[in-house]
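# here is the input, now give the coordinates:
(chains A and B, ligands or ions: 1)
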Amino acid sequence: MPHQLAVTIRAALPAARVAEVSELLAEAGRKGVAGELFPFAEVTGVHFARLLVVPEGPGADGAAVPASVVYMGEVDAPLQAHLTDLVRKAGEGLEKVFGHCDGYPTGTASVAARTAWLRAHRIPSAAFYVNTVGRGRQQILREARLREAIEEFLDQQGAALSGAPPSRIRAAIQEYVTGRPDLAWARSRPAPPALWWRIRQKAHLLALPLAALFLLPLLLFALPAWAVLLRLHELRDVPSGERPDRRHVRELAACEDFGAQNPFTAVGSVKPGRFRRATLTAVLLVVDYGVRHFFNRGDLTGVKTIHFARWLFIDDKCRVLFASNYDGSLESYMDDFIDKVAWGLNAVFSNGRGYPRTRWLVLGGAKDELAFKSYLRCHQLPTHVWYSAYDDLTTATIDTNARIRAGLFADLGPAATRAWLALL
Amino acid sequence: MAPTLELDDIQGLLVRGYSSLKAACFLLLAVTDPPAARPALARAALRVTDGRTEPAESAVNLALTAEGLRRMGTLPPGLDGFPEEFVSGMTDPDRSRFLGDLGQDAPRHWRWGGPATPPVHVLALLYARDEPSLQRLEAELRQDLLATGGLTEVLRLATAELGDREPFGFRDGISQPLIEGLARTSRVTAARDGATADGDVVKAGEFVLGYPNEYGLLTDRPLLPDDGTGLLPREPGGTGADLGRNGSYLVFRQLHQDVQGFWGYLDDVTRRPDGTSDPAAREALAARMVGRWPGGAPLVHAPGQDDPARATDNDFGYVATDPDGLRCPLGAHIRRANPRDSLDPRPGSAESVAIGRRHRILRRGRSYGPRGGPHPPPTAADDTQGNGLHFLCLNANISRQFEFIQHTWLNNPGFNGLHDAPDPLVAPRGNHHATFTLQARPVRTRHVGLPQFVFVQGGAYFFLPGLRALRYLCTAAPRDGQR
Ligand code: HEM
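Predicted coordinates:
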């Protein structure tokens, strides 16, 4: 199975076109219509995708950065296949959106030319969290069907199997699945991601600690100075205390809570000065390391409801974009943040302008419940167009489905057989 | 040290459910003429029951919707400081989608509170010892409120004589959070009833505005730069006046219960192979949907059959006794409405209970219809008259408490790792094919295609002000252009 990629494509919009493109996206996003302009369901390997307008903001040297349109996808590798398929299937929609941007190949330009333009406008993620690395879209959808088939079989055979021992019940399920040619794939395990990719990950796993070891004397020397500077900044920085505008909240609410999952997109300005920029760069380096190597099995430091999340720098590190796909409502998402990973959010977002006051980078901050919730709402952007390939599947369901498939034909002892049946 | 609650400024309903006042009715009113409505409400406000002592004869409480507050004309029209969900209201389309009020539950079909019926601005809650006493109280209150014509009556909601059973036949009103600061007195009652669960004592700020909540913070509430009357409490540590202090938000939903549909369904799916009804199996399945037996005994302690000795037992968690739902199904109503110690990240821990304390509500509902109260067996005649629950609950943060429970726990088909399984008892089904799973070993049984048993027929979010704030709202000088 492939590994997953975070694709981000961003291009500036001429000021005169901002309203038009925002309206077009909002219109397309109103449930159901997006699929006509952007048939993501037909684009292979797309888990989630979104299109939105990022408003103008401050850039380096105080110059304003114009508003831009952003496409983000969480997709199965390889990238080229995704982009080509995207241009082929959603070419018309892309043209309506990116057609206003500088140099987008319109009209009779080739697929290759458009793909090349998209590639050239990519922005790398500073960090990218994948709930379970290597679980492709096809696997997720297939395993949901497998689960459904087994559940229905049990519903029908329940009476006949009642009183039967666990091994007999499992054998009956195996026999049933074996008899369904459409489920033949379930007999083998999903393949792991490509070898070269796994090797690269391993190299990364070792490289960062090695580099840190090498720089240790320098780090030890710099750390006390950094800590003092940090406290000075923290005492001086002014929390905005801002409460979100009601109109803004309504615009956001109109894009939320249609299925089991929601998108979250936010943009914020990094506090001015080199100190915060350097701190945030370092923090995101650590986040990147953590999510690549440790938090890649269904759990982001205690929060289990996130499918994907990414952090990226834009505009010369003057701003940060954050985007995620999560289960449940924004309220439950924010409560999870506060209850489970306040420290992690603080480490990243306290470098953003207006964030509730922190102590020692990780304390305080998000623990100021309503100030934190307001901060997120104020910085959140309406995710006009959003697509999920499995919008009724929570991370918990996807995980259970995968375990059902993994155990179905595995060699299980009596205890493991009972545990497997309990998954159903 | 818990702060002392200003019981003389807190409306009585926050402190107690008036269990000795068996008769009640709710008047829904509209403000038609603000200048006349203000003195009328001010007169009624004099009758409002505070939280100091348990009233022996009768009680009155008053609450206003966001539109009602605007109509009064004494606040800035933007209603700054009131939360968005309160200001936009329960029937805003985005809220309806969030709450699951779609299809036949959509506000446009409601008996009150929706777009098709007259707007509701004021809610008067009347309680009395018995029916004659309620009639006297109601007559007096009508005189205060309606005689001068500033307010008109939209609807009168009757309730059934308070018994201990809700219309489906289950004992209700067993599990409630205890407000810290009141806990000592309530604990005595709780202990008497055998109801003391860990984590049931909750910070006052979760229910009463102006006191620290479970985060140790004050929930956002309306503050005024200066009230000009000296009537309102001061904002702690600030210079403004605190309009929210001692107030709360009251969530009101009229929930129609299809009693016949409920028991009819249960009867159908539990019939013996020969086609005859199996009353014991029927009751057992119903109990598993609720998480308690009709008599009240919790399934985690009484898995096999009802146990009168445990009728009000509330001292249990789920993780140690029943982690897999073999006694009380993972999707049962009470297991969702208050998961106790089963929340992530560490089920079974004190931390898990602490997280749960941020999502508690004080339930103050009353049943209506002929099947509220003491209980005859179901007959077909019952439903034509309509049975149900006037679901009322109090909380300081509607989003984090009531709406969270409704959306993330009750209506969520993926709650607790389940799949396709909204609350079997109360959730709307939407276009999901709702499933109720009975966890079992070696393998579960499922009830697929569960019909809907509870329907929303009205509702609104109200602000239940402190007594001084209430007086301020009806006596302060109206703002320019608001006359
Ligand atoms: C007509 C609809 C409803 C019926 C018939 C009903 C019935 C019941 C029953 C029989 C109990 C157990 C008795 C007790 O613990 O006091 C209960 C508990 C509870 N219900 Fe409901 N309920 C309804 C709607 C709701 C709604 C809409 C909510 C919240 C949004 C809710 C929240 C709760 C809570 C929080 C508990 C206490 C759980 C605990 O602490 O163990 N109920 N309900």
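# number of nearby residues for B:P93?
B:P93: 14 surrounding residues under other CB atoms under 10 Å in any protein chain shown. The way it works is simple: take the backbone N, C-alpha and C, and place the C-beta from them, glycine included.
# tell me the predicted confidence for it.
We have a pLDDT of 95 for B:P93.
# from A:R250, how far off is it?
10 Å (CB to CB, to the nearest Å).
# can you tell me which helix in chain A is longest?
Longest helix of chain A, by residue count under DSSP state H: helix A:195-236.
# other SSEs contacting the next helix-or-strand element following that one?
Helices and strands here follow DSSP states H and E; after helix A:195-236, the next one along the chain is helix A:246-253. The helices and strands touching helix A:246-253, judged by 3 or more CB pairs under 8 Å, 6 or more residues apart in numbering or on different chains; DSSP states H and E, are helix A:369-379, helix B:84-88, helix B:93-99.
# the ligand: which of those is closest?
Among the helices and strands packed on helix A:246-253, helix B:93-99 comes nearest to the ligand, with 9.3 Å by CB to the nearest ligand atom.
# parallel or antiparallel, which strands does the next helix or strand after the closest one pair with?
Counting by DSSP H and E, the next helix or strand C-terminal to helix B:93-99 is strand B:122-128. Looking at strand B:122-128 with DSSP bridges, its partner strands are strand B:23-31 (antiparallel), strand B:58-64 (antiparallel).
# kindly compare burial across these and name the winner.
Comparing the strands paired with strand B:122-128 by mean neighbour count (mean count of other CB atoms under 10 Å in any protein chain shown), strand B:58-64 comes out on top with a mean of 25.
# and the following helix or strand past that strand, does that touch chain A?
Using DSSP H and E, the next helix or strand after strand B:58-64 towards the C-terminus is helix B:66-72. No: with CB under 8 Å from any CB of the partner chain as the criterion, chain A is not reached by helix B:66-72; the gap is at least 11.4 Å.
# for helix B:66-72, buried residues please.
B:66-72 (16 or more other CB atoms under 10 Å in any protein chain shown).
# go on, stretch A:189-197?
Buried-residue list, stretch A:189-197, by 16+ other CB under 10 Å: A:190, A:193.
# once you drop chain neighbours, what's closest to residue 123?
I'll assume chain A. Among residues not flanking A:I123 along the chain, A:T8 sits closest, at 4.5 Å (CB to CB, 6 or more residues apart in numbering or on different chains).
# you looked at the wrong chain, it should be chain B
Spatial nearest neighbour of B:L123, chain neighbours left out: B:A63 (4.6 Å); criterion: CB to CB, 6+ apart.
# quick check: the one you found touching B:V122?
Yes: between B:A63 and B:V122 there is a contact at 7.4 Å, judged by CB atoms under 8 Å.
# shared neighbours, these two?
Common neighbours of B:A63 and B:V122, counting by CB atoms under 8 Å, 6 or more residues apart in numbering or on different chains, are absent.
# check what pLDDT B:V353 gets.
At B:V353, pLDDT is 93.
# please, where are all the helices along the stretch 51-200 of chain A?
Along the stretch 51-200 of chain A, counting by DSSP state H, counting those that start in this stretch, helices occupy A:79-98, A:111-120, A:137-161, A:166-178, A:195-236.
# how far away is the residue of chain B positioned farthest from its centre from B:A281?
In terms of distance from the mean C-alpha position of chain B, B:D274 ranks first, at 42.5 Å (CA atoms, centre = their mean). According to CB to CB, B:D274 stands 13 Å off from B:A281.
# for the lowest-mean-pLDDT helix or strand in chain A, name the packing helices and strands.
Ranking every helix and strand in chain A by mean pLDDT, DSSP states H and E puts helix A:34-37 at the bottom, with a mean of 76. Counting contacts by 3+ CB pairs under 8 Å, 6+ apart, helix A:34-37 packs against helix A:18-29, helix A:79-98, strand A:385-388.
# can you pull out the helices in the stretch 351-483 of chain B?
B:381-385, B:404, B:467-475.
# CA atoms of the last one as PDB?
Read it as helix B:467-475. In PDB, the C-alpha atoms belonging to helix B:467-475 read as follows (Å, rounded to 0.1, in the frame of the first residue of the first chain):
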ATOM      1  CA  LEU B 467     -32.800  38.100  40.300                       C
ATOM      2  CA  ARG B 468     -31.000  41.400  40.200                       C
ATOM      3  CA  ALA B 469     -30.200  41.000  36.500                       C
ATOM      4  CA  LEU B 470     -33.900  40.200  35.800                       C
ATOM      5  CA  ARG B 471     -35.000  43.300  37.600                       C
ATOM      6  CA  TYR B 472     -32.400  45.300  35.600                       C
ATOM      7  CA  LEU B 473     -33.700  43.900  32.400                       C
ATOM      8  CA  CYS B 474     -37.200  45.200  33.100                       C
ATOM      9  CA  THR B 475     -36.500  48.400  34.900                       C
END
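# could I get the helices and strands packed on helix A:246-253 as JSON lines with distance to A:P58?
Below are the helices and strands packed on helix A:246-253 laid out as JSON lines (distance: least, CB to CB, whole Å):
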{"stretch": "helix A:369-379", "distance to A:P58": "14"}
{"stretch": "helix B:84-88", "distance to A:P58": "28"}
{"stretch": "helix B:93-99", "distance to A:P58": "31"}
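# picking up where we left off before, deepest of the helices of the stretch 51-200 of chain A, which one?
Counting by mean count of other CB under 10 Å, helix A:79-98 has the highest mean neighbour count of the helices of the stretch 51-200 of chain A, with a mean of 19.
# contacting residues around it?
A:5, A:7, A:9, A:11, A:21, A:24-25, A:28, A:37-40, A:42-46, A:51, A:69, A:71, A:73, A:75-76, A:104, A:106, A:111, A:114-115, A:117-119.
# of those, keep whichever come out buried.
By 16+ other CB under 10 Å, those give A:5, A:7, A:9, A:11, A:21, A:24-25, A:28, A:37-40, A:43, A:45-46, A:51, A:69, A:71, A:73, A:75-76, A:104, A:114-115, A:117-118 as buried.
# pull out the buried positions in stretch B:296-307.
For stretch B:296-307, a neighbour-count test (16+ other CB under 10 Å) marks B:296-303, B:306-307 as buried.
# just these: which are in helices?
Counting by DSSP H, no part of these is found in helices.
# for B:H256, state which of these is nearest.
Closest to B:H256 out of the buried residues of stretch B:296-307 is B:G296 (23.3 Å), distances taken as CB to CB.
# ok, whichever residue of the stretch 101-250 of chain A sits closest to chain B - contacts?
Nearest residue of the stretch 101-250 of chain A to chain B, counting by CB to the nearest CB: A:P166, 4.2 Å away. If you count contacts by CB under 8 Å, 6+ apart, A:P166 has them with A:414, A:417-418, A:421, B:442-443.
# mind checking pLDDT for it?
Looking at A:P166, its pLDDT reads 95.
# quick check: residues of the stretch 151-300 of chain B near chain A?
Selection of the stretch 151-300 of chain B residues close to chain A by CB under 8 Å from any CB yields B:215, B:217, B:219-220.
# quick check: end-to-end length of stretch B:354-363?
One end of stretch B:354-363 to the other measures 20 Å (CA to CA, to the nearest Å).
# centroid-nearest residue for chain B?
B:C393 (2.4 Å).
# pretty sure that residue sits against B:R364.
Yes: the criterion here is CB under 8 Å, and B:C393 meets it with B:R364 at 6.4 Å.
# between these two, what contacts are shared?
B:L250.
# what residue in the stretch 1-150 of chain B comes nearest to chain A?
Here the stretch 1-150 of chain B gets closest to chain A at one residue, B:D94, 4.2 Å apart by CB to the nearest CB.
# burial of that residue, as a residue count?
18.
# how about the contacts made by it?
Counted by CB under 8 Å, 6+ apart, B:D94 has contacts A:250, A:253-254, A:256-257, B:88.
# walk me through the domains of the chain.
You didn't say which chain, so I picked chain A. With automatic domain parsing as the criterion, the domains of chain A are listed as A:4-133+A:194-388, A:138-189+A:394-421.
# let me rephrase: I mean chain B.
Using automatic domain parsing, chain B is parsed into the domains B:9-165+B:202-253+B:461-475, B:256-363+B:370-385+B:407-458.
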